[in-house]
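> Provide a 3D model corresponding to the input given below.
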Amino acid sequence: MHIKSDQIKGISSMVVHCFILSSMTVIARLLSEQFSSFFIVLAYNIVTVIGLILWSLATDKPILPHTDKVKLYLLRAFIGGISMVSFFYGIKFIPLTESVAITLTNPLLSAFMAVIIFKEKIGIRRISALIIGLIGGLIVVRPGFSSFSLAILFLLVSVITSSMCDMLIKIMSQTDKSMTQLFYVSSFMALFCLPFTLSNWPSSITTPYILEFLSLGLLSCLNMVAMYWAFKLADIALIMTFGFSGLVFTAIISYFVFGEIMDIWTLTGSITIVASSVYVAYRESIVNLKRVVGT
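Residues are numbered from 1 along each chain as shown. Below you'll find the predicted structure:
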């Protein structure tokens, strides 16, 4: 009997989120060669808000969704802005493989925060899967940082603030829909970044860069929807196990964009990551099956 529970749906949403995030990382890396981190965050949030307004007009739904969590959205936009700006700055000076190695700590930190804040249960199987996924990620990237640079510090700041945002998303997803979250977060984040871009505004933006910014905005909308359903349907400690799948997607996309070849280490690590994720999904299916049979 096949059981497609909320937990499995949450896992699927998390995997989609990881694929979108990997795509956004590659695009952001390309844009960072020409634009400041603040301008990249500002531009793609503006594109996101415009897209939401067009969607609202097309579906005849309110442009300004109702919410009673404005203060939380301000906090999340501020923390999220720090996370994004720090990340875009870091990947500009560090190869993507090393950048991914640092961000591998995000699922672990988020799962740890969820246990403390939300009292989520994390058994030996989930802990083991998280550790195995981390080992697989380290096999892929084989980090060997010879010195601690400012760019690495920015990436660590991005990881910590990103985990904080994950906690806020979990809280907001209980009452507010994904489009509501996306509208307020994108609007406030754009306002926060605007003052830092005025003194370094680009003189011209060519068509290829405009298309890249539009792609970032579209992917941002899709990413928010995926994160909304992931955090709404499943425990953070569970779905963060699948955060390591982003390594697989990054390796594949980097091959086509930058010509990076997947070697035996990358293949071995990717298989390890997938195996740990599939194991957790299998265990969740067994648990859900027992619950259904028991009732």
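> Now do stretch 163-171, average pLDDT.
For stretch 163-171, mean pLDDT is 89.
> just stretch 54-66 next, same as before
Here the average pLDDT along stretch 54-66 is 74.
> mind checking the end-to-end distance for it?
Length of stretch 54-66, first residue to last, Cα to Cα, to the nearest Å: 18 Å.
> go on, stretch 163-182?
Stretch 163-182: ends 17 Å apart by Cα to Cα.
> now that stretch, how far from the centre of its chain.
In terms of Cα atoms, centre = their mean, to the nearest Å, the centre of stretch 163-182 is found 13 Å from the chain centre.
> what residues does that stretch touch?
48, 52, 55, 65-67, 69, 72-73, 75-76, 79-80, 83, 106, 109-110, 113-114, 117-118, 220-221, 224-225, 227-229, 231-232, 236, 240 (Cβ atoms under 8 Å, 6 or more residues apart in numbering). To be clear about C-beta, it is placed using only N, CA and C from the backbone, and glycine gets the same treatment.
> mind listing which of the residues you listed are in helices?
Here DSSP state H is the test, and the contacts of stretch 163-182 give 48, 52, 55, 72-73, 75-76, 79-80, 83, 106, 109-110, 113-114, 117, 220-221, 224-225, 227-229, 231-232, 236 as lying in helices.
> Can I get the buried part of those as one ChimeraX selection?
Buried residues among those (16 or more other Cβ atoms under 10 Å), as a ChimeraX selection:
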select :48,52,72,73,76,79,80,83,106,109,110,113,114,220,221,224,225,227,228,229,231,232,236
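> Let me see the contact set for residue 225.
178-179, 182.
> now those as TSV including neighbour count?
As requested, the contacts of residue 225 are exported to TSV (neighbours: other Cβ atoms under 10 Å):
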residue	neighbour count
178	21
179	18
182	25
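> okay, those in a markdown table with secondary structure and distance to residue 28 next?
Below are these laid out as a markdown table (DSSP: H, G, I helix; E, B strand; the rest coil; distance: Cβ to Cβ, whole Å):
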| residue | secondary structure | distance to residue 28 |
| --- | --- | --- |
| 178 | helix | 21 |
| 179 | helix | 23 |
| 182 | helix | 18 |
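> from those, which single one is nearest residue 13?
residue 178 (10.3 Å; Cβ to Cβ).
> Apart from its neighbours in sequence, what residue is nearest the closest one?
Using Cβ to Cβ, 6 or more residues apart in numbering and skipping the chain neighbours, the partner closest in space to residue 178 is residue 228 (3.4 Å).
> Could you tell me what pLDDT the model assigned to that neighbour?
pLDDT, read off for residue 228, is 79.
> Thank you kindly, that will do.
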